[in-house]
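[1] sequence first, predicted model second:
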Amino acid sequence: MKKLLLSLALVSLTSGAFAADTLKVGASPVPHADILKVVQPALKEKGIDLKIIEFSDYVQPNLALSDKDLDANFFQHLPYLEAFSKDHRLNLVSAGPVHIEPMGVYSNKVKNLKELKKGAKIGIPNDPTNGGRALQVLNANGVLKMKDGVGVNGTPLDIVDNPLKVKIVEVEAATLPRALEDLDAAVINSNFALGANLNPSKDAIAIEPKDSPYANVIAVRKGDENKQEIKELMSALRSPEVKNFIEKKYDGAVVPAF
């Protein structure tokens, strides 16, 4: 009986049959999960079963990754990852950039930022790096002036000139599209805009330059960036197939970073 079991095991090993390694990646639904779905077949051929777990916020994916409920996540740019990891004492790093999502300003009430009236309410994300990034978009478009040098770390307290006396309303990033009805305008991350059927290249009344340094990255626990499964994931995500998908699917709203 033992010889029979050993023979069956040897047949299984030499016939090419094997159990696929499961790689659990947390992601925002759009565009991150959509992009990951493109590489699922290629990873399957490499013996990697890519499981995509969708999240609708910017907090849980990093906590789940740190707790080892995920092997990686894909939803954030590097400044946010670094700030979140520092604030929460997490040992998370980037395995590499994939794409850029230019931030846009949206409004249901005005068609141009010049139409904003005094005291207009403008929504921005309430997390530190995206909030500072949104303020820089408003700074670049002349709505207000930020203190020199604050960059992505700027807050409403760093506004040094506000000719329209606009009121900055800090809102959870994922809910900004729904909050538009109560605001005069909002600066929204492209993934949440796309999820609300807003096309940044067509619907935004102002948009961040496409050379934005805020590329979205694959985040992993420190040391895991060298794992073979993560290397295979990064290779698949930087393939010509993915580049073509991003360029055709999102029409400039999402830009490859490779």
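    In hand now; what should we look at? Numbering: from 1, shown residues only.
[2] how close does residue 228 sit to residue 217?
    19 Å (C-beta to C-beta, to the nearest Å). The C-beta positions use only the backbone N, C-alpha and C, and glycine is treated the same way.
[3] these two: which has the busier surroundings?
    residue 217 (24 against 11; other C-beta atoms under 10 Å).
[4] can I take it that the more buried one is in a strand?
    Yes - under DSSP: H, G, I helix; E, B strand; the rest coil, residue 217 falls within a strand.
[5] do I have it right that residue 212 meets residue 97?
    No - Residue 212 is beyond contact range of residue 97, at 11.4 Å (criterion: C-beta atoms under 8 Å).
[6] mind checking the SS state of residue 186?
    Going by three-state DSSP, the state assigned to residue 186 is strand.
[7] so what's the closest residue to it other than its chain neighbours bridging to?
    Distances taken as C-beta to C-beta, 6 or more residues apart in numbering place residue 123 nearest to residue 186, at 3.6 Å, with adjacent residues excluded. Applying DSSP bridges to residue 123 gives these bridge partners: residue 169, residue 186.
[8] residue 234 touches residue 218, doesn't it?
    Yes - taking contacts as C-beta under 8 Å, residue 234 lies within contact range of residue 218: 6.3 Å.
[9] overlap in contacts of these two?
    Counting by C-beta atoms under 8 Å, 6 or more residues apart in numbering, the shared contacts of residue 234 and residue 218 are 95, 96.
[10] looking at these two, which one has more neighbours?
    Counted by other C-beta under 10 Å, residue 234 and residue 218 do not tie: residue 218 has more neighbours, with 25 against 21.
[11] which residues touch the more buried one?
    25, 72, 73, 74, 94, 95, 96, 98, 230, 233, 234, 237.
[12] burial count for the third one?
    Read it as residue 73. Around residue 73 there are 27 residues (other C-beta under 10 Å).
[13] buried residues in stretch 88-103, which are they?
    90, 92-103 (16 or more other C-beta atoms under 10 Å).
[14] ok, which pair from those is furthest apart?
    Between any two of the buried residues of stretch 88-103, the greatest separation by C-beta to C-beta is 27.2 Å, found for 90 and 102.
[15] the residue positioned nearest the centre of the chain: what secondary structure?
    In the chain, the centroid-proximal residue (C-alpha atoms, centre = their mean) is residue 75; its distance is 3.0 Å. With three-state DSSP as the basis, residue 75 sits in strand.
[16] distance of it relative to residue 159?
    28 Å.
[17] likewise for residue 144?
    Residue 144 is 5 Å from residue 159, by C-beta to C-beta.
[18] shared neighbours of those two, anything?
    Joint contacts of residue 144 and residue 159 (C-beta under 8 Å, 6+ apart) are residue 135.
[19] for residue 62, which non-adjacent residue is spatially closest?
    In this structure, residue 62 finds its nearest non-sequential neighbour in residue 84, 5.4 Å apart by C-beta to C-beta, 6+ apart.
[20] wait, is the one you found part of a helix?
    Yes - under three-state DSSP, residue 84 sits within a helix.
[21] okay, it: pLDDT?
    Reported pLDDT at residue 84 in the predicted model: 95.
[22] and what of the one 10 residues further on?
    Residue 94 carries a pLDDT score of 98 in this model.
[23] and it, what element?
    Using DSSP states H and E, residue 94 falls within strand 92-100.
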